[in-house]
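In: could you look at this predicted model? Sequence included:
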Amino acid sequence: MILKSFVKTLTQTLDWHKERCETFSSLVLGLISQGNVQHHALSLSLPTSSGLLKSRLERIRRFFAYQEIDYRAFALAMVLAVFKKVPKMHLILDRTNWKFGKKDINYLVLTGTIGPVTVPLFWLLLDHQGCSDASQRIHLLKQFKETFGLDCILSFTADREFVGKEWLSYLYNHGIPFLSA
């Protein structure tokens, strides 16, 4: 049932062909159910008509090779597919980093918590090690504002590394209810 709702919302929001929306929806739901981003695991979520494992893997590869994804539209479609309208939510900003071989990967992520569910909505790959700056944080909140509006924010939480006059002034001037220690 949720797959049909998700496909319908994606088709309307992203303006993709229905089959691409079905593939994408299956991959997202597979990611949630499998807890794994490897293509072999995600291939299990594709409809059984997709054929052999090799065919499923090729379908996933082609999808990601040729499909441009509007992540703002996707975030909206994901929330609308589950909640039917934009709900009130708690926002959390955090940074995650790890190494892939010798390469440092450093993401700034804005998540929304709705009830017991926390979903990454917007993210930014930082091109350096360490903390983000105010302009990068503001960029993520502007994406949120343009997609969902600010009226749906119940609270905003971030670690103590996210400080600075420009940043805190932005939160205050836009009426974003933030928690401070």
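Out: Perfect, I can see it now. Residues are numbered from 1 along each chain as shown.
In: so Leu10 lies in a strand, does it not?
Out: No. Assessed with DSSP: H, G, I helix; E, B strand; the rest coil, Leu10 is helix; it does not lie in a strand.
In: quick one: what helix or strand has the residue nearest to it when sequence neighbours are not counted in it?
Out: Leaving out its chain neighbours, the residue that sits closest to Leu10 by CB to CB, 6 or more residues apart in numbering is Cys21, at 4.1 Å. Just so you know, the C-beta spots here come from the backbone N, C-alpha and C atoms, and that holds for glycine as well. When elements are defined using DSSP states H and E, Cys21 is found to belong to helix 18-34.
In: and what of Glu68?
Out: Glu68 is part of no helix or strand, with elements assigned from DSSP H and E.
In: the residue lying farthest from the centre of the chain and Leu46, how far apart?
Out: Residue farthest from the centre of the chain, counting by CA atoms, centre = their mean, is Leu52 at 29.6 Å. Distance of Leu52 to Leu46, given as CB to CB, to the nearest Å: 11 Å.
In: ok, and what's touching stretch 172-181?
Out: Contacts with stretch 172-181, where a contact means CB atoms under 8 Å, 6 or more residues apart in numbering, come from 91, 141, 145, 150, 153-158, 160, 168, 170-171.
In: as a markdown table, those residues with neighbour count, secondary structure and distance to Leu126 would be great.
Out: Formatted as a markdown table, those follow (neighbours: other CB atoms under 10 Å; DSSP: H, G, I helix; E, B strand; the rest coil; distance: CB to CB, whole Å):
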| residue | neighbour count | secondary structure | distance to Leu126 |
| --- | --- | --- | --- |
| Leu91 | 24 | strand | 19 |
| Leu141 | 21 | helix | 16 |
| Lys145 | 15 | helix | 21 |
| Leu150 | 13 | coil | 24 |
| Ile153 | 21 | strand | 23 |
| Leu154 | 13 | strand | 27 |
| Ser155 | 14 | strand | 24 |
| Phe156 | 19 | strand | 20 |
| Thr157 | 16 | strand | 20 |
| Ala158 | 19 | strand | 15 |
| Arg160 | 7 | coil | 18 |
| Leu168 | 14 | helix | 20 |
| Tyr170 | 17 | helix | 18 |
| Leu171 | 18 | helix | 20 |
